[in-house]
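Peer 1: Give me a model of this one.
(one chain, ligands or ions: 1)
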Amino acid sequence: PAQSPAETDARALEVLSRVWGYGAFRDVQADIVRTVVEGNNALVLMPTGGGKSLCYQVPSLLRPGTGIVVSPLIALMKDQVDALRQFGVRAAFLNSSLPMESVREVEAALLAGELDMLYVAPERLLLPRTLELLERAPVALFAIDEAHCVSQWGHDFRPEYGQLGVLPRRFPDIPRVALTATADDRTRADILNVLELRGAAQFISSFDRPNIQYRVANKEGPKTQLLDFIHAEHRGDAGIVYCLSRKSVEQTAQWLATQGVDAVPYHAGLSPRERNHAQERFLNDEGVVVVATVAFGMGIDKPNVRFVAHLDLPKSMEGYYQETGRAGRDGLPSTAWMVYGLADVVNVKRMLSQSDAPEDVKRVEAAKLDALLTYCEAATCRRQLLLAYFGEERNEPCGNCDICLNPPRVRDATREAQMALSAAIRTGNRFGAAHLTDILLGEPTEKVVSMGHHLLPTFGVGKGHDEKMWRGLIRQLVSLGHLAAGEHYGLSATSKSRPLLKGETTLMLREDSLVPREKVRKRDR
Ligand code: ADP
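Peer 2: Residues are numbered from 1 along each chain as shown. Predicted coordinates:
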């Protein structure tokens with residue numbers, strides 16, 4: 001029998017408090033739950049930690065039949081299911097790690113209507129055996145978690161996800177809810193297409209964390225800089241300091257402790273007992289600073305973390321967003337503070353190139369790193385850049401990042417931008433940053449000469465600046481969408497670059513990245 005929205009809301013709230021013990025839904029959760037319970041499709045875009053799980057878990061309990069959750073995170077499935085069982089939810093999972101005997105048990109339970117939720121790996125779901133099983137079973141809904149994996153455009157494409165179009169075809173009447181924490185416009189369009197969600201309700205949450213102040217500084221003496229920062233702004237506050245290596249975690253924690261900061265180290269090399277101790281102290285005592293590798297933070301839900309400091313670069317914008325996002329969950333003013341220097345960039349790049357990962361993976365990781373570097377070197381509002389990375393346009397500068405609060409000196413780099421753009425255009429829009437830089441600097445490399453690019457009018461027009469400036473400029477052109485990266489990293493001028501080429505718009509660049517390297521060193525001393 002159809003229920004009024006108010007009745008549905010009341011039932012949802014009852015389940016939320018009875019099963020999970022929570023008093024209220026967050027922002028959009030209630031709308032999403034109502035939409036899905038009423039049998040409609042939905043697309044949910046919400047940052048990590050935003051509370052996506054309840055958006056399909058609660059409807060799974062409210063609708064007749066079993067909620068089927070498609071998830072690529074096989075390693076987490078057992079934990080997720082165990083957690084649900086602790087709440088009394090009848091949950092199970094199907095993936096390749098499960099012995100045949102257990103598979104049969106799960107299948108029987110599903111057919112008997114004895115499951116509230118079933119987590120399935122995509123490759124398992126696509127097996128004819130599973131699809132036929134689902135056709136005979138009472139299914140409440142399909143939740144497609146990490147839905148951005150359907151898109152080849154994104155960084156996490158999974159071929160099995162590309163085949164999930166089988167769901168709307170074979171189960172047209174069962175509601176589908178697609179969820180993701182990363183989706184730009186193209187990825188979102190792909191999700192809508194593959195899962196046939198056109199016309200579905202879209203719930204797009206902002207990624208903005210307005211109470212977090214974003215700051216990035218030049219690394220000049222990281223430990224002292226950190227201590228000054230803590231003393232000046234966060235004396236006695238709880239915070240997390242991220243370092244790349246276990247050794248620097250140990251050293252930094254020790255040093256902070258000698259300076260009177262209540263700091264504890266945390267990394268995967270410590271014994272479980274030591275790690276537990278650090279975690280417990282952080283959660284229960286006032287004003288503890290955890291110095292940690294990225295191993296720390298997953299599943300830690302401490303509302304009053306007042307600052308997150310990075311002494312080393314995170315791997316990507318996603319990592320940065322997630323790590324800094326652990327600050328200020330209570331909504332009170334907090335700081336995301338980072339120092340970085342050229343050595344870090346070289347370091348991370350070397351680690352990338354020396355990894356055993358396949359070439360295409362390395363290339364994606366390199367692109368992610370570049371996006372982060374662009375953010376570090378920003379001359380414009382950091383929040384705008386951060387949000388833009390996650391596909392969120394924001395017109396006004398935020399007023400709560402170092403750039404907005406203390407604008408760096410910038411200068412008009414329109415002419416240089418035009419030079420770089422024309423180097424790309426005149427070489428057919430298919431060469432990468434290194435080759436374009438060679439042309440601008442007038443380097444007659446083998447590749448330049450063999451292509452005849454030393455004959456171009458652009459050859460050598462950029463000699464007045466160094467390679468670093470050109471690389472930085474090109475990176476900015478890419479991040480601003482004037483140059484698009486295509487296959488094999490070839491860069492092509494986009495339609496957006498036309499006004500810039502015609503001189504109708506200008507490009508401003510930070511002055512510090514235009515200062516020759518040696519001068520910077522002297523000034524630092
Ligand atoms: P996501 O999947 O979006 O990363 P989760 O679903 O894992 O986020 O939720 C993140 C955290 O927020 C979890 O600890 C969850 O229990 C908590 N949470 C989600 N919704 C609520 C709510 N309405 N009330 C209280 N806590 C919530």
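
Peer 1: measure whichever residue of the stretch 301-450 of the chain sits closest to the ligand to R170 for me?
Peer 2: The nearest approach of the stretch 301-450 of the chain to the ligand comes at D301, 5.3 Å away (CB to the nearest ligand atom). For glycine as for every other residue, the C-beta is placed from the backbone atoms N, C-alpha and C. As judged by CB to CB, to the nearest Å, D301 and R170 stand 38 Å apart.

Peer 1: Neighbour count for those two, which is higher?
Peer 2: Between D301 and R170, counting by other CB atoms under 10 Å, R170 is the more crowded of the two (12 against 9).

Peer 1: circling back: tell me the contacts of the residue of the stretch 301-450 of the chain closest to the ligand?
Peer 2: R329 (CB atoms under 8 Å, 6 or more residues apart in numbering).

Peer 1: Over to I174?
Peer 2: Counting by CB under 8 Å, 6+ apart, I174 touches 139-142, 167.

Peer 1: likewise G239?
Peer 2: So G239 contacts 230, 289-290, 305-309, 327 (CB under 8 Å, 6+ apart).

Peer 1: could you dump those to a markdown table with neighbour count and distance to the ligand?
Peer 2: Formatted as a markdown table, those follow (neighbours: other CB atoms under 10 Å; distance: CB to the nearest ligand atom, whole Å):
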| residue | neighbour count | distance to the ligand |
| --- | --- | --- |
| I230 | 24 | 28 |
| V289 | 27 | 23 |
| V290 | 25 | 19 |
| V305 | 23 | 15 |
| R306 | 21 | 20 |
| F307 | 25 | 21 |
| V308 | 23 | 17 |
| A309 | 27 | 23 |
| A327 | 27 | 16 |
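
Peer 1: Show me those residues that map onto strands.
Peer 2: Counting by DSSP state E, the contacts of G239 place 289-290, 307-309 in strands.

Peer 1: With pLDDT as extra columns, can I get the residues you listed in a markdown table?
Peer 2: Shown next, in a markdown table, are these (pLDDT from 0 to 100):
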| residue | pLDDT |
| --- | --- |
| V289 | 97 |
| V290 | 97 |
| F307 | 98 |
| V308 | 98 |
| A309 | 98 |
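
Peer 1: Isn't P397 up against L387?
Peer 2: No. Using CB atoms under 8 Å, P397 is not in contact with L387, being 11.5 Å away.

Peer 1: Between the two, tell me which one has more neighbours.
Peer 2: Neighbour tally, P397 and L387, criterion other CB under 10 Å: the higher count belongs to L387, 19 against 15.

Peer 1: give me the element that one is part of.
Peer 2: For L387, the host element (DSSP states H and E) is helix 382-389.

Peer 1: which other helices and strands contact that helix?
Peer 2: Helix 382-389 is packed against strand 212-218, helix 317-324, helix 359-376, helix 402-405, with contacts defined by 3 or more CB pairs under 8 Å, 6 or more residues apart in numbering; DSSP states H and E.

Peer 1: Of all these, which one comes closest to T427?
Peer 2: helix 359-376 (20.5 Å; CB to CB).

Peer 1: any idea of the angle the closest one forms with helix 382-389?
Peer 2: Put simply, helix 359-376 runs at 150 degrees to helix 382-389, going by axes from the mean of the first three to the mean of the last three CA atoms, to 10 degrees.

Peer 1: The chain against the ligand: which residues are in contact?
Peer 2: Proximity of the chain to the ligand (CB under 6 Å from any ligand atom) is limited to residues 22, 25-26, 29, 46, 48-54, 301.

Peer 1: Mind doing that once more with 5 Å?
Peer 2: 22, 25-26, 48-54 (CB under 5 Å from any ligand atom).

Peer 1: pLDDT at the closest residue in space to E160 that isn't next to it in sequence, what is it?
Peer 2: The shortest distance from E160 to any residue other than its chain neighbours is 3.8 Å, reached at P122 (CB to CB, 6 or more residues apart in numbering). Looking at P122, its pLDDT stands at 95.

Peer 1: measure P122 to S497 for me?
Peer 2: 39 Å.

Peer 1: Same drill for the two, tell me which one is more crowded.
Peer 2: Set P122 next to S497 and count neighbours by other CB under 10 Å: S497 wins out with 25 against 22.

Peer 1: So what's the predicted local confidence for the residue lying closest to the more buried one once chain neighbours are set aside?
Peer 2: Take S497 and drop its neighbours on the chain: the residue closest to it by CB to CB, 6+ apart is H482, 3.9 Å away. Per-residue pLDDT puts H482 at 84.

Peer 1: Hmm, H482 is touching T494, no?
Peer 2: Yes. Using CB under 8 Å, H482 is in contact with T494, at 6.1 Å.

Peer 1: the more surrounded of those two?
Peer 2: Neighbours were tallied for H482 and for T494 using other CB under 10 Å; the higher tally belongs to H482 (25 against 16).

Peer 1: what residues are up against the more buried one?
Peer 2: Neighbour list for H482: 417, 421, 493-494, 496-497, 500, 507 [criterion: CB under 8 Å, 6+ apart].

Peer 1: what do you get for R198?
Peer 2: By CB under 8 Å, 6+ apart, the neighbours of R198 are L192.

Peer 1: again, but for M46
Peer 2: Here M46 is in contact with 28, 52, 55, 179, 181, 203, 205 (CB under 8 Å, 6+ apart).

Peer 1: and the gap between the residue of the chain most remote from its centre and E446?
Peer 2: What lies farthest from the middle of the chain is L455; by CA atoms, centre = their mean that is 43.0 Å. To E446, L455 is 15 Å away according to CB to CB.

Peer 1: Please tabulate the contacts of G239 in a markdown table, including the columns distance to Q152.
Peer 2: Shown next, in a markdown table, are these (distance: CB to CB, whole Å):
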| residue | distance to Q152 |
| --- | --- |
| I230 | 44 |
| V289 | 42 |
| V290 | 38 |
| V305 | 37 |
| R306 | 41 |
| F307 | 38 |
| V308 | 33 |
| A309 | 36 |
| A327 | 34 |
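
Peer 1: Closest one to Y375 out of these, please.
Peer 2: Once CB to CB is applied, the member of the contacts of G239 that ends up nearest Y375 is V308, at 15.1 Å.

Peer 1: and that closest one, bridged to which residues?
Peer 2: Using DSSP bridges, the bridge partners assigned to V308 are I240, A336.

Peer 1: and it, what is it in contact with?
Peer 2: Contact analysis of V308 by CB under 8 Å, 6+ apart lists 239-242, 323-324, 326-327, 334-337.

Peer 1: go again using 6 Å as the cut-off
Peer 2: 240, 323-324, 326-327, 336 (CB atoms under 6 Å, 6 or more residues apart in numbering).

Peer 1: what residues are up against S71?
Peer 2: Contacts for S71 (CB under 6 Å, 6+ apart) come out as 119, 145.

Peer 1: so what's it scoring on pLDDT?
Peer 2: For S71, the pLDDT comes out at 93.

Peer 1: any idea how far P122 is from it?
Peer 2: Distance, S71 to P122, using CB to CB: 8 Å.

Peer 1: and what of G319?
Peer 2: Distance, G319 to P122, using CB to CB: 24 Å.
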